[in-house]
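Novice: okay, here's the prediction I keep looking at, along with the sequence it came from:
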Amino acid sequence: MELIWNGIVQAFKLIFHLDSELMNILWVTIRVSGTATLVSLLLGVPLGALLGTWRFPGRSAALSIIHTGMGAPPVVVGLFVMIMLWRSGPLGGLNFLYTPWAMILAQTIIAFPIITGFSMAAVAQIDPQLRQQLLGLGASRIQALRAVVQEARLPLLTAIMAGFGGAISEVGAVMMVGGNIKGETRVLTTATVLESGKGEFGTAIALSVILLLLVFGVIVGLTVLQQRNRIT
Amino acid sequence: MGNPADNIIRFRDSTVRDFTFWRIFDIFAIVVGLVAITACGSARETDVILATTTSTNDSGLLDVLIPDFESISEFNIKPIAVGTGKALAMAERGEADVLLVHAPTAEKVLVESGVIKRRSLVMHNFFQVVGPENDPAHVAIAVSATNALKAISETDTLFISRGDDSGTHKMELALWQAAGITPKGSRYQESGQGMGATLRIASEKSAYTLTDYGTYLALKENLDLTPLLGEDRSLLNIYSVLELDGDRFNNVNSAGGKDFAEYLLSPRAQRLIETFGVDKYGEPLFILDAGTSESELVR
């Protein structure tokens, strides 16, 4: 117990001293997981809205793929991305392996199905008559889709939280494709693994506390946004 | 709720009152687009991928050597700590530029196959057999490492193996083979993890294990394990730097690999290695070998 307490104390010391190594790890973490979440959002929300409103042949197959992706084991994603990005692999020419880009790619593959799936559920909750009505009033299909998503924006924030949570808490895949290089691809999760491997449990606990605080801060921000805008 | 007209009114109303999801979405799209265009921080020409064992990284040695190297060289080192088995596999595929590893027998296979152009000894220390303080197998008085393993296999005590094809695991398997024993059964367990985690498991289970000296020194405060056998010639732990043959692979940065290998063997780096760990553990973790031939060391 004393160890945990000391870890928490150390976490706040590191934060308040603006420890340069910690700041770098934090920055890489936010940049990688933030970008991955945004990219997943840009791809996942339109796709989810489309799948949620549009009935087409093969839709249930598409849904099954998305739902499987929501539960895809991150190490499998990591292995797949690593093999793709090898110098000898099909995407080797990009030179992405062991850079933040590889980590963004892996986290996007993890977060994208989560955001798509949640978006689909959010849009499906909206009264289908709304879309019909809008189309009847002369809205184009795209306008109608945007209006439906606008209407589902509050549950969509839950999709963002889930996607961000999935991306930032990931460790196996980013370790494989990022390499946990100090100052470049070391994020909070991989740094925690490294420190506990080194037996520096105090530092490991401090990093965990900081990771929890970061996730908590982002989720609180999104929740406040969500609740403030709730239609009463 | 059921009336579509209500929905329309509510929709228009809320668009005015609330944040607009799409406005935020569009801003995000622009931001991500800009980031993707401007911040193309992919690998640079000067990047050198160093595939290495976990012990050099976990002990903190690379945190000392790499910044020093980068301060005098045009190249940037990207250390990937994966364990010797995987590091050698990366070399075979041309996925690394230079290696710092510790499994001489497996290394020589790659030298013979031509993947590795040059292999140079950098440093050494000794593996240690560590175990519970009461030492039920009397490892502390064993005359050799093979005798110690024989004694362990004859008692009821657990032995924790790395089981991960690392340099330490390869060493352990070679010792069992030399002892003429095929380790198996419930008293021989594989952790499949790094040295730190394996030491911790051994400590919790009052078991024996084989460890590199550096990791043991770094962790011993938190462990209930006693060093029982080391400094035996058969427990020699030799670290070498391996340069890939650039002619065999298209994308290997052999110039950068050569530069780092030469740095490790230079007096400047050797001085850093020599003193590494003295301030923290009261003794150096590694003994210098630059310019030494392997036959001299083994003899």
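Specialist: Perfect, thanks for sending it. Residues are numbered from 1 along each chain as shown, chains lettered A, B, ... in the order given.
Novice: so what's residue B:193 scoring on pLDDT?
Specialist: Looking at residue B:193, its pLDDT is 86.
Novice: you'd agree it is up against residue B:166?
Specialist: No. Taking contacts as C-beta atoms under 8 Å, residue B:193 lies outside contact range of residue B:166: 9.8 Å. In short, each C-beta sits where N, CA and C put it, glycine included.
Novice: more neighbours, those two?
Specialist: residue B:166 (27 against 18; other C-beta atoms under 10 Å in any protein chain shown).
Novice: check whether the top helix by length along chain A contacts chain B.
Specialist: Criterion DSSP state H: the longest helix present in chain A is helix A:20-53. Yes. Shown here: helix A:20-53 in contact with chain B (C-beta under 8 Å from any C-beta of the partner chain) through A:35, A:38-39, A:41-42, A:45.
Novice: can you spell out which helices and strands pack onto the helix or strand following that helix?
Specialist: Using DSSP states H and E, the next helix or strand after helix A:20-53 towards the C-terminus is helix A:59-70. On a contact count with 3 or more C-beta pairs under 8 Å, 6 or more residues apart in numbering or on different chains; DSSP states H and E, helix A:59-70 meets helix A:20-53, helix A:100-124.
Novice: flag every residue of the stretch 151-299 of chain B that's near chain A.
Specialist: Applying C-beta under 8 Å from any C-beta, we find that the stretch 151-299 of chain B lies next to chain A at B:194, B:196-197, B:200, B:218-219, B:221-222, B:249-252.
Novice: now do the contacts for residue A:43.
Specialist: Shown in contact with residue A:43 (C-beta atoms under 8 Å, 6 or more residues apart in numbering or on different chains): A:112, A:116.
Novice: okay, it and residue B:27: tell me how far apart.
Specialist: Distance from residue A:43 to residue B:27, counting by C-beta to C-beta, to the nearest Å: 16 Å.
Novice: what of residue B:170?
Specialist: Distance, residue B:170 to residue B:27, using C-beta to C-beta: 54 Å.
Novice: residue A:114 too?
Specialist: 22 Å.
Novice: neighbour count winner among these two?
Specialist: Neighbours were counted for residue A:114 and for residue B:27 using other C-beta under 10 Å; residue A:114 has more, 26 against 10.
Novice: right, and the more buried one touches residue A:160 too?
Specialist: No. With contacts counted by C-beta under 8 Å, residue A:114 stays clear of residue A:160, the gap being 9.7 Å.
Novice: any idea of the angle the longest helix of chain A forms with helix A:59-70?
Specialist: Going by axes from the mean of the first three to the mean of the last three C-alpha atoms, to 10 degrees, helix A:20-53 is angled at 160 degrees with respect to helix A:59-70.
Novice: which positions within helix A:20-53 qualify as buried?
Specialist: A:22, A:25-26, A:28-29, A:31-42, A:44-53 (16 or more other C-beta atoms under 10 Å in any protein chain shown).
Novice: again with stretch A:84-93
Specialist: Within stretch A:84-93, the residues that count as buried by 16+ other C-beta under 10 Å are A:84-87, A:89, A:91-92.
Novice: of these, list those near chain B.
Specialist: Within the set of those, contact with chain B (C-beta under 8 Å from any C-beta) is found for A:86-87, A:92.
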